[in-house]
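In: dropping the sequence and predicted coords here.
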Amino acid sequence: MKRFISLFLALIMVFALSACADKTKEGTAASNDTEKESSETNDVTADDSGVKFTQIEKGIALDTEGRIWSFSLVDDLKVLCVSAKFTYISEGNGLKCALDENGGLWTWGANKSGQLGDGTTTDRDIPEKVLDGVKMVAAYGYNAFAIKNDGTLYQWGYGNCPAKLRENMDDRDNILIPTLVEIDAKFEYIATGNNYASVAVDSNGTRYAWGVPCTIMGYSANQIDPTLDDDAPVTPFTLKAISNDTAPNGTYYFGGNTTYVIDANNTLYISGGKDSRLDPFEESGSFKVFTKVTDKVSMIVPAMYGTLYIDTDGNIWGWGSDAFKICAPTTSPVQITNGTKYTDVAVLDAGSTMAYAIGADGNIYTFGEKDSTPRIVETK
């Protein structure tokens, strides 16, 4: 009977939601033949009838059925989009992205510099598909990048920034649609974050880094340009391979002046961030190279006033300044949760004192604002 009720409610939800229009936009510098597929905003919410979640980002969450939900400090969790079955969501400083099960890339949110890739500079509150055949996306702030199934790399967004990859591009030219980066390489991985820091890895394992001073990325200047001294504050503007690469293989995360990498053994490495009041690992050594700082880390979330990470046992740890009320000022990570195990965590926004996490039970929990005891967020 419980199963029947859940199915019945799910059917009601699907019929109540507006269907998406059929249109898709796939960008190249030479093509404007586009279709567009978009979802419509809806006010449908679900009762607490077994909705479980798999991923959470700032203000959005993904459930086990592939639906995208939205939430805020004042708004309850509610379904945002059921236009496709989604497998991945991402949020970076107002820019939101999602991948569906067929490799469709959907975007919504802030669009001042064309970072939504829909050919406009108009903000949009609902997801719209802008590119097909995508296997990985990395987006933050004013820029976005995607790797297609064939390994080609696409870029769009703000033109006047260190992350521009197009040769001879006018600094004033924003890239309004996903545009091919013309480079003789096939890519497998890309990450981007604060201060336009970006890393890409090609199918041969060669790593490319651009967007911030090399020392923040863990590279000496002469690894970018052999004619320079090691200490030169080089910021590579274009996609260049890193020579004599000693960085660990793994997943990249970017803080304000700090780069984190978690390797396949769940070891956390840190680079940059020297003299940062938010960095508890300063005493570990030089930050001009990646330095091992701790083990058993499954994921990490840098934020303005502190950083949270989940260990391999499902516990949430954190550190930060006195403005980050999730945990007290500290020079070493402090375990915040005990009991419930967690699989994902996000900070509501850059200056927020609220965090949201997904428990191993599939529920969303929230904590912060001087209350470190997580409570379940109901889906009403």
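Out: Structure's in. What do you need? Note that the structure is predicted; figures quoted are calculated from it, not measured.
In: next structured bit after the host helix or strand of Thr87?
Out: Here Thr87 sits within strand 86-92, counting by DSSP states H and E. Going down the chain from strand 86-92, the next helix or strand is strand 95-100, by DSSP H and E.
In: next, the angle from that following strand to strand 86-92.
Out: 170 degrees (axes from the mean of the first three to the mean of the last three C-alpha atoms, to 10 degrees).
In: tell me what the helix or strand following strand 95-100 is packed against?
Out: As assigned by DSSP H and E, the chain's next helix or strand after strand 95-100 is strand 105-109. If you count contacts as 3 or more C-beta pairs under 8 Å, 6 or more residues apart in numbering; DSSP states H and E, strand 105-109 packs onto strand 95-100, strand 124-131, strand 134-140. C-beta coordinates here come from the backbone N, C-alpha and C atoms, glycine included.
In: so what touches strand 105-109?
Out: By C-beta atoms under 8 Å, 6 or more residues apart in numbering, the surrounding residues in contact with strand 105-109 are 37, 39, 81, 83-84, 86, 91, 94-100, 115-118, 123-132, 134, 137, 139, 144, 146, 178.
In: give me the beta-bridge partners of Thr258?
Out: When assigned by DSSP bridges, Thr258 has beta-bridge partners Gly272.
In: might one say that it is in contact with Gly272?
Out: Yes. Using C-beta atoms under 8 Å, Thr258 makes contact with Gly272 at a distance of 4.7 Å.
In: between those two, who's got more neighbours?
Out: Using other C-beta atoms under 10 Å, the more surrounded residue of Thr258 and Gly272 is Gly272, with 25 against 22.
In: let me see the backbone angles for Asn194.
Out: Per-residue torsions, Asn194: phi -50, psi 150 (degrees, to the nearest 10).
In: for it, give its distance to Pro302.
Out: Using C-beta to C-beta, to the nearest Å, one obtains 7 Å as the distance from Asn194 to Pro302.
In: what residues sit buried inside the helix or strand containing Ile270?
Out: In the assignment (DSSP H and E), Ile270 maps to strand 268-272. Buried residues in strand 268-272, defined by neighbour count with 16 or more other C-beta atoms under 10 Å: Leu268, Tyr269, Ile270, Ser271, Gly272.
In: how many residues are close by Asn363?
Out: 18.
In: touching, it and Ile376? I think so.
Out: Yes. Asn363 lies in contact with Ile376 (C-beta under 8 Å); the separation is 5.0 Å.
In: ok, now how distant is Val130 from Gln335?
Out: On the measure of C-beta to C-beta, Val130 and Gln335 end up 41 Å apart.
In: and for Gly306?
Out: Counting by C-beta to C-beta, the separation of Gly306 from Gln335 is 14 Å.
In: the two: who's more crowded?
Out: With neighbours defined as other C-beta under 10 Å, Gly306 and Gln335 compare such that Gly306 has more, 25 against 12.
In: buried residues in the following helix or strand past the strand holding Ile270?
Out: Scanning forward in sequence from strand 268-272 by DSSP H and E, the next helix or strand is strand 291-294. Buried positions in strand 291-294, judged by neighbour count with 16+ other C-beta under 10 Å: Val293, Thr294.
In: list the strands paired with strand 291-294, with their directions.
Out: When DSSP bridges is applied, strand 291-294 pairs with strand 268-272 (antiparallel).
In: give me the mean pLDDT for the strand it pairs with.
Out: In this model, strand 268-272 has an average pLDDT of 84.
In: cool, stretch 175-184 as well?
Out: 88.
In: again, but for stretch 97-104
Out: The predicted model gives stretch 97-104 an average pLDDT of 96.
In: what about it, how long is it end to end?
Out: Using C-alpha to C-alpha, to the nearest Å, one end of stretch 97-104 lies 10 Å from the other.
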